[in-house]
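**Student:** model this:
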Amino acid sequence: MKVIVIGGGWSGCAAAITAKKAGAQVSLFEKTDMLLGLGNVGGIMRNNGRYTAAEELIAIGGGDLINITDKNSRHKNIDFPGHKHAWLYDVNKIEPDVKEYLINMGIEVRTIARVIDVEKENNKIKGIYLSDGSHIEGDVFIETTGSTGPMGNCLRYGNGCSMCALRCPAFGPRVSLSSRAGVEDLQGERDDDSYGAMSGSCKLAKESLSEEIVKELDEKGVVVLKVPPEDVNLDKLKLKVCQQYALKEFAENIVLLDTGHAKLMTSYYVLEKLRKIPGLEKAKYVDPYAGGKGNSIRYLSVAPRTDDMKVKGLENLFCAGEKGGLFVGHTEAICTGALAGHNAVRGALGMPLLILPKSLAIGDIISYANYKMMTREGRRNRYTFAGAEYFERMKSLGLYTTDSVEIRTRVDKLNLTDILSQKLV
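**Tutor:** Prediction:
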């Protein structure tokens, strides 16, 4: 059985791992020269409800990537405005470790391999076409192409191409394969009825910051600096994709996190104004390079799906990550990807697909985000274990806990322990 994963971000890597564990032959195609996509500039794990989700994922047998981010964490259990017990992995070291892990599992990893179209027969995908003209056949397909790009979307809905980590100009635009197969994409919206949302943070070169700030970042993992009163802009918070950071504290302060670079918790900040703040007089953006002007625009390509991550209207296409809903974050991408990879093999074998119960945070967010996506109001929100609407729901339902033993017990009572590690073929 051959499983083809299109997109090498966190969700694509997670899908490849669980499909391989289930016994399939797995090939992963990534259009750029690196895996992980936004994971190369992210770095925040285990904050707020993500701790619960990470432990659930480990308990159900899909925690391989969580273990890798844990191993590469520069700081553990740090607090910053609105967030508790965060772990920060090193964005400069994570990608080679993940790639090596996949290859050692026997997964075929093909980079600089942009998929541009599908071959379809009735409601079934037969194969994919690459930009070099080659054609690859498979039994079941998982699309994790994300929802950012091509450049025209950032020009139309943002402040122009910001030259971000996804590098559309260098490696070509994202292509929605579900759309190519005849399934109409859904799009996230904003309050003003325009589409998409702006990515939530930027990276500064630590070397460009004052010695005092670098020392504090290295020791504590977080630095909070006051924004001059004349530069406080509360309206800008509405643009952010990451609503868990759309708190007034993030408008009134510069919040820096140590992820190898200095992670600046704002969608963009005019460089001239940034350099007014003591310690940032020589600050330099490293991602996006135009971080003084804007950031990438996301949530413009979401596939309609069921709670087992199968794309509606197609027999053998699954989706995950931002392609599978208005999800925010690495943990969310890994969770949806792990389920999609496992279910892809189940589907190809004709087995019943696994739907995680709502008594687990992972199962609940997959179901809840899907339900909300069908409403106009729901398409204006974003869903994350780390804050905003969904974290409040987690707490109200009693799903949020940092007690790992309690989480393992919960999973075990559902007879789901290590289910994503089961060999099916």
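**Student:** where do the strands sit along the stretch 301-425 of the chain?
**Tutor:** Secondary structure of the stretch 301-425 of the chain (DSSP state E, counting those that start in this stretch): strands at 317-319.
**Student:** Show me where it dips below the pLDDT cut-off.
**Tutor:** Of all residues in the stretch 301-425 of the chain, none has pLDDT under 70.
**Student:** all helices of it, in order?
**Tutor:** With DSSP state H, counting those that start in this stretch as the criterion, the stretch 301-425 of the chain has helices at 330-349, 361-373, 388-396, 404-413.
**Student:** roughly how far is the last one from the heart of the chain?
**Tutor:** This points to helix 404-413. 25 Å (Cα atoms, centre = their mean, to the nearest Å).
**Student:** Need the contact partners of that helix.
**Tutor:** T52, E55, E56, A59, I60, S359, L360, T401, T417 (Cβ atoms under 8 Å, 6 or more residues apart in numbering). Quick note: C-beta positions are derived from backbone N, CA and C, even for glycine.
**Student:** so what are the domain limits for the chain?
**Tutor:** 2-75+90-194+297-421, 197-287 (automatic domain parsing).
**Student:** Can you tell me which of those is most buried?
**Tutor:** domain 2-75+90-194+297-421 (a mean of 21; mean count of other Cβ atoms under 10 Å).
**Student:** picking up where we left off before, among the domains of the chain, which is nearest K84?
**Tutor:** domain 2-75+90-194+297-421 (6.1 Å; Cβ to Cβ).
**Student:** Please, where are all the helices along the protein?
**Tutor:** 10-21, 50-59, 64-71, 94-105, 151-157, 168-171, 177-180, 211-220, 249-252, 271-274, 330-349, 361-373, 388-396, 404-413 (DSSP state H).
**Student:** Thought Y383 was touching I365, still the case?
**Tutor:** Yes - when contacts are counted by Cβ atoms under 8 Å, I365 is listed as touching Y383 (5.9 Å).
**Student:** got any residues that touch both of those two?
**Tutor:** Taking Cβ under 8 Å, 6+ apart as the criterion, I365 and Y383 both touch F327, E332, Y390.
**Student:** Excluding chain neighbours, what is closest to the last one?
**Tutor:** In this case it means Y390. The shortest distance from Y390 to any residue other than its chain neighbours is 4.6 Å, reached at Y383 (Cβ to Cβ, 6 or more residues apart in numbering).
**Student:** Distance-wise, check the spatially closest residue to K124 that is not a sequence neighbour relative to G138.
**Tutor:** Sequence neighbours aside, E315 is the residue nearest to K124 in space, at 4.6 Å (criterion: Cβ to Cβ, 6+ apart). As judged by Cβ to Cβ, to the nearest Å, E315 and G138 stand 13 Å apart.
**Student:** likewise D132?
**Tutor:** Counting by Cβ to Cβ, the gap from D132 to G138 is 17 Å.
**Student:** Over to K93?
**Tutor:** 32 Å.
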